[in-house]
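> Predicted model, plus sequence, below.
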Amino acid sequence: METANLKSLMHDPDYYTKSFHAYAKSSKKFAVLEKWGENVFPKLIGDRLVDTLPADTNINMLGIGSGSGEMDSAMAASLKARFKSVRNVVIEPAAKQLEKYRSLVKSNKSDFEGIEFDLRQLGIDEYRSQEGDKPRKYHFISAIHSIYYAEDHKDTIRYLYDCLEEGGILLIIVVSVAGGFWRLWDRFTRFQDSVSRYLCTTHLRDSLSSLDIPFDESRQASCVDITSCFEEGSEDGELIIDFLSHTVDLRGSASPELYQEVVDYMGSDQCSERKEDGTILFNNDWDAVIVQKPLSKS
Ligand SMILES: C[S@@+](CC[C@H](N)C(=O)[O-])C[C@H]1O[C@@H](n2cnc3c(N)ncnc32)[C@H](O)[C@@H]1O
């Protein structure tokens, strides 16, 4: 199996950030998340927290792998509108993502009044070891497309559940089992290495069930325009291919046969829909899994 020259994006946070933003642009990722944040988040998360926590609660929120912050900061603002104040601890290992997060907060100060951001450059496993035996508790924890990068996702879920205050909510978003990402990763298992263990909703369901933690799910349809991946010389196209395959410079590091096989599979009807005008849309559906810790009976 050809793996020797393939380097996971996780070994190169700067390149990860660059390819992620090319992908985010073509998937209108932030626009889809923004709509989700406006229409779904208040019902799925906000209402449940309002039902269980007093309005004068100072909400402690933890964001795991929050990237450049578009989604997490909007969730923080949504919670601030319903509670007294919000303290948002963010753990994100990529320096360039944190830089973007900082400038987002700085340039939209008035949207974030009453919210304290505590941005830390570290990954989930480092955070766990820093917190030690008595980790702090949160009312809301989110891991949006980041649980893939934990060393052991099941143990991480158990840990995060323990970090919830009573009535608190854990939100995990991952790719759907029928989406293009999962199909691609599952077919080309050689893209996986010690720091990228791919998973989809099925794995989350299995882990939560075996931990005996009840959960709800909500699916979101979405797609990535990958037409540029089939245009000779397109820099954005190559970056998107690299993000989808989670590999640094797939064209330069894989054999021409493997490269072609991967790109053909991305564009096939297993992963994508071809429109009459020639546009190729990669299925990017994802699932939100929601866990709420019950209040103890007194
Ligand atoms: C696909 S991006 C998602 C970013 C953001 N949550 C969003 O949805 O826009 C995944 C993020 O996880 C971060 N990440 C990588 N390894 C991580 C780790 N070990 N712990 C926490 N986050 C990690 C990456 O740097 C990246 O910003």
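In hand now; what should we look at? Numbers count the residues shown, from 1 in each chain.
> Around the ligand, pick out the residues from this structure.
Residues of the chain lying close to the ligand (CB under 6 Å from any ligand atom) are 13, 16, 20, 64-67, 70-71, 91-94, 97, 123-124, 144-146, 149. All C-beta atoms are positioned from the backbone trio N, CA, C, and that covers glycine.
> Of these, which belong to helices?
With DSSP state H as the criterion, helices contain 13, 16, 20, 70, 71, 97, 124 from among those.
> Closest one of those to residue 191?
Of all these, residue 191 sits closest to residue 16, with 13.7 Å by CB to CB.
> Quick check, the closest one in contact with residue 9.
Yes. Contact status for residue 16 versus residue 9: in contact at 4.4 Å, counting by CB atoms under 8 Å.
> Without its sequence neighbours, what residue ends up closest to the residue of the stretch 151-298 of the chain found nearest the ligand?
Per CB to the nearest ligand atom, the residue of the stretch 151-298 of the chain with the smallest distance to the ligand is residue 173, at 7.1 Å. Among residues not flanking residue 173 along the chain, residue 144 sits closest, at 4.4 Å (CB to CB, 6 or more residues apart in numbering).
> tally of neighbours for that neighbour?
Using other CB atoms under 10 Å, residue 144 is surrounded by 20 other residues.
> residue contacts, it?
By CB atoms under 8 Å, 6 or more residues apart in numbering, residue 144 lies in contact with 33, 65, 66, 67, 71, 72, 171, 172, 173.
> Pull out the buried members of those residues.
Neighbour-count burial (16 or more other CB atoms under 10 Å) is assigned, among those, to 33, 65, 66, 67, 71, 72, 171, 172, 173.
> Is it possible to get the residues you listed out as JSON lines so that each row also shows pLDDT?
Shown next, in JSON lines, are these (pLDDT from 0 to 100):
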{"residue": "33", "pLDDT": "82"}
{"residue": "65", "pLDDT": "97"}
{"residue": "66", "pLDDT": "97"}
{"residue": "67", "pLDDT": "95"}
{"residue": "71", "pLDDT": "92"}
{"residue": "72", "pLDDT": "95"}
{"residue": "171", "pLDDT": "98"}
{"residue": "172", "pLDDT": "98"}
{"residue": "173", "pLDDT": "96"}
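> just checking, which of those belong to strands?
171, 172, 173 (DSSP state E).
> Could you give the bridge partners of the second one?
Taking DSSP bridges, one obtains residue 143, residue 289 as the residues bridged to residue 172.
> That one against residue 153, yeah?
No. Judged on CB under 8 Å, residue 172 makes no contact with residue 153 at a distance of 9.0 Å.
> who touches both of those two?
Listed as contacting both residue 172 and residue 153 by CB under 8 Å, 6+ apart are 147, 204.
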